[in-house]
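In: This is a predicted model, with the sequence first.
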Amino acid sequence: MNDSDSAIGLDETHGPLSRVAALREAHRCLFCYDAPCTHACPTHIDIPTFIKKISTDNLLGSAQTILEANLLGATCARVCPVQELCEGACVLEPTHQPISIGRLQRYAMDYVYDRDIQVLHPAAATGRRIAIIGSGPAGLSCAGELARKGHSVTVYEKRDLPGGLSTYGIISLREPVEVALAEVRMIAQLGVTILTGRELGNNLSLTELQETFDMIVLSVGLGCSPQLGLPGEEHLLDGLEYVENSKIALEPFSVGKRVVVIGAGNTAIDCATIARRLGAERVTIVYRRTENEMSAYPHEYDFAKQEGIAFQFLAQPAEVVFEGGKLAGLRCHQMRLGSPDAFGRPSTAAVKGGDFTIEADQIVKAIGQQKPAIFAALGLATEDGYIAVDYEFETSIPGVFAIGDCIRYRGEASTVMAVQDGKMAAAVLHAKLSAEVATGKEA
């Protein structure tokens, strides 16, 4: 697979709207009062207003409306499950095609980013300092909102590039690296300092941060896929690393001819899509339950089938198979569904004598993410392995807050929810810092 093939295979699924197409789509909007689409958006963007401004060619005003509610509007325009959220709530949806809200949002955001227009600006400096650990969507959202209030914010990122999953973990056909880094630059232009190559527990000490900053926010996300306990598992590829290498490969990215992906979430579908588009002859997603229990969005499942990706349901991976010292397949137990487990999902049991093998020369594991050991090392209280926080996002350590996927022990983990976490936490921190100033506490 040469570089030109890769570029074509993972180009964004939808190109930008032309001016004529955007105006036509904007004029379809009914500009509902108390609009269902706005209520369905976790960040509560005033969708009728931003679309109305597009209809009058006021793209700067449209972008400002979006950014006032969601600082990562360009990312969310591309990666949000709009079919399940704003577009799914559109009043036109039952009988007509819903308004293409995501593509219109991208149209407005592309306008300001293509012209390097800084839409928002920071308030006067307050002299208060906040450290944010992690530069993913939650951390950037929180940092930007705090900077807009005039606070001094430093973001620490362990990777070489900032942006978290937006940069490394979202398939290019949804969000190219350049889009994620453009948003990082916008946050930096608000006055936020972003330092890379700094990892909490490695070359960054929580104690030192507590001595330097007024408050600390953990936005550290989660880790790699957990272990399955299979013989030969060391030869499996991690799903997030597979996506990352397709976007930011330091060496040529290799795709097998017969690829098996273990898991049934959105990352599994992303991995399968990458393999399929970059030359795999056959791609099979293996899942121990059925399509009814998949965690992937229904529209992602439909997309995968349209890509020619096969699904092997009721299959539990049992062993990595080798022939002549080379990876040759994945042996699976045939499963059947039983009574609901503790999470309400059907339990599974192996069918006696039902083992089978799927041929594969590359196997990718995309079965969720581990909770990092750093949580316990810091002495943080946890709940089901995630950082436990109160209703104000404060952890068991006073003055230390946490947001994003690392606290998502209930509810759905997604980019837009992470952005909303950051926005809400910033409001809490600003209120606390303002109260301290009002009562005369020294910065």
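Out: Now that the structure is in, tell me what you want to look at. Numbers count the residues shown, from 1 in each chain.
In: From here on, just use CA atoms for contacts and neighbour counts.
Out: Noted.
In: Dump stretch 217-225 to CSV, keeping only the CA atoms.
Out: These are the backbone C-alpha positions of stretch 217-225, laid out as CSV (Å, rounded to 0.1, in the frame of the first residue of the first chain):
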residue,chain,number,x,y,z
VAL,A,217,-7.9,19.3,36.9
LEU,A,218,-7.2,15.8,35.8
SER,A,219,-8.3,15.0,32.2
VAL,A,220,-6.2,11.9,31.7
GLY,A,221,-8.6,9.7,29.8
LEU,A,222,-8.1,6.0,29.9
GLY,A,223,-5.4,3.5,28.8
CYS,A,224,-5.0,0.8,26.1
SER,A,225,-7.3,-2.3,25.7
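In: Mind checking the pLDDT average for that stretch?
Out: The predicted model assigns stretch 217-225 a mean pLDDT of 92.
In: Please state the offset of that stretch from the chain centre?
Out: In this view, stretch 217-225 has its centroid 11 Å away from the chain centroid, taken as Cα atoms, centre = their mean, to the nearest Å.
In: what about residue 432, is that helix, strand or coil?
Out: The three-state assignment at residue 432 reads helix, by DSSP: H, G, I helix; E, B strand; the rest coil.
In: how much space between residue 201 and residue 218?
Out: Distance, residue 201 to residue 218, by Cα to Cα, to the nearest Å: 12 Å.
In: the more surrounded of the two?
Out: When residue 201 and residue 218 are compared for neighbours, residue 218 comes out ahead with 25 against 12, by other Cα atoms under 10 Å.
In: Give the buried residues for the helix or strand hosting residue 26.
Out: Here residue 26 sits within helix 19-28, counting by DSSP states H and E. By neighbour count, and taking 16 or more other Cα atoms under 10 Å as the criterion, the buried residues in helix 19-28 are 22, 23, 25, 26, 27.
In: Kindly report the same for stretch 244-261.
Out: Along stretch 244-261, the positions that meet the burial threshold by neighbour count (16+ other Cα under 10 Å) are 244, 245, 246, 247, 253, 255, 256, 257, 258, 259, 260, 261.
In: quick one: contacts of that stretch?
Out: Counting contacts by Cα atoms under 8 Å, 6 or more residues apart in numbering, the residues outside stretch 244-261 that touch it are 1, 168-172, 176-177, 268, 271-272, 274-275, 278-286, 330, 358-366.
In: redo that, cut-off 6 Å
Out: Taking contacts as Cα atoms under 6 Å, 6 or more residues apart in numbering, the residues outside stretch 244-261 that touch it are 168-169, 275, 280-285, 360-365.
In: contacting residues for the nearest residue to residue 128 once chain neighbours are set aside?
Out: Nearest residue to residue 128 in three dimensions, chain neighbours excluded: residue 151, at 5.4 Å (Cα to Cα, 6 or more residues apart in numbering). The neighbourhood of residue 151, defined by Cα under 6 Å, 6+ apart, consists of 125, 126, 128.
In: Are any of these buried, and if so which?
Out: Among the contacts of residue 151, those classed as buried by neighbour count (16+ other Cα under 10 Å) are residue 128.
In: Pipe the contacts of residue 151 into JSON lines and attach secondary structure per row.
Out: What follows is these, written out as JSON lines (three-state DSSP):
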{"residue": "125", "secondary structure": "coil"}
{"residue": "126", "secondary structure": "coil"}
{"residue": "128", "secondary structure": "coil"}
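In: Sweet, I'm off.
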